[in-house]
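Novice: Need a 3D model of the sequence below.
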Amino acid sequence: MDNAYGLWSLVILNSLIFIIFAFSFAKPQTKTDWRSFGAFSAFLVALFTEMYGFPLTIYLLSGWLAEKYPGVDFLTHENGHLWHTILGFEGDAHFDPMHLLSFVFIGGGFWILSAAWSVLYKAQKEGKLAVTGPYSKVRHPQYIGFILIMFGFLLQWPTLPTLVLFPVLAYMYIRLASKEEADARAAFGTAYDEYAKAVPGFIPRVLSGSGA
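Specialist: Alright, predicted model coming up:
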């Protein structure tokens, strides 16, 4: 196998770096927090396993790839960036439009996680609703942050496992958000109902034009 793969030390290192980085922003406290963070961590491990460990997606699609792109060695790290080849980009894959766009989503997701956590931590400490910062735009900014990061990685390095995991995890976050809203209503009553009427769930009004 090409030395672009089988690099399990890089799988472990990259997984730990991003998981610890996300943990520093998300700081899970409740059982629900840990469940959502654990699912996000599984997505990262699956991603980096294919990026540096074993290219399962390339092997499963090898017949189609060989027929569609004869002569291209997909067992190199450069050609492992499937969007780069499939969309016909030239030059270094790390600087193609999809890769650069992925940094916008990943960076934006981590920024939202960081901004949301500082507001949520202060509100929880004071026993109040989190309604400022990102929480003044959407009710579930932390879950939006996780979704944006995962989507960014799909733009950078798509794999079959992460393509399957992405909608599953997005649905799980929506379900977790519903549970958290039920808990918030039980704790804050009509105050939360008024907040929910004024602030959309996941899509800011500037984008949706209505509540979500």
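Novice: From here on, just use CA atoms for contacts and neighbour counts.
Specialist: Fine.
Novice: Show me the shaky parts of this structure.
Specialist: Scanning the chain for pLDDT under 70 picks out 1-3, 207-212.
Novice: number of nearby residues for the residue nearest to F103 when sequence neighbours are not counted?
Specialist: Nearest residue to F103, sequence neighbours excluded (Cα to Cα, 6 or more residues apart in numbering): G152, at 6.6 Å. Close neighbours of G152, defined as other Cα atoms under 10 Å, add up to 24.
Novice: So that it lines up with my notes, have the first residue be 670 from now on.
Specialist: Okay, using 670 as the starting number, the last item reads as G821.
Novice: which residues touch G821?
Specialist: 770-775 (Cα atoms under 8 Å, 6 or more residues apart in numbering).
Novice: Would you mind measuring from it to F857?
Specialist: 35 Å (Cα to Cα, to the nearest Å).
Novice: Same question for the helix or strand hosting L823: list its buried residues.
Specialist: Using DSSP states H and E, L823 sits in helix 810-825. Within helix 810-825, the residues that qualify as buried are 810-825, counting by 16 or more other Cα atoms under 10 Å.
Novice: Quick one: list the elements packing against the helix or strand just after that helix.
Specialist: Where DSSP H and E defines the elements, the next helix or strand beyond helix 810-825 is helix 829-857. Contacts defined by 3 or more Cα pairs under 8 Å, 6 or more residues apart in numbering; DSSP states H and E place helix 829-857 against helix 700-717, helix 810-825, helix 859-867.
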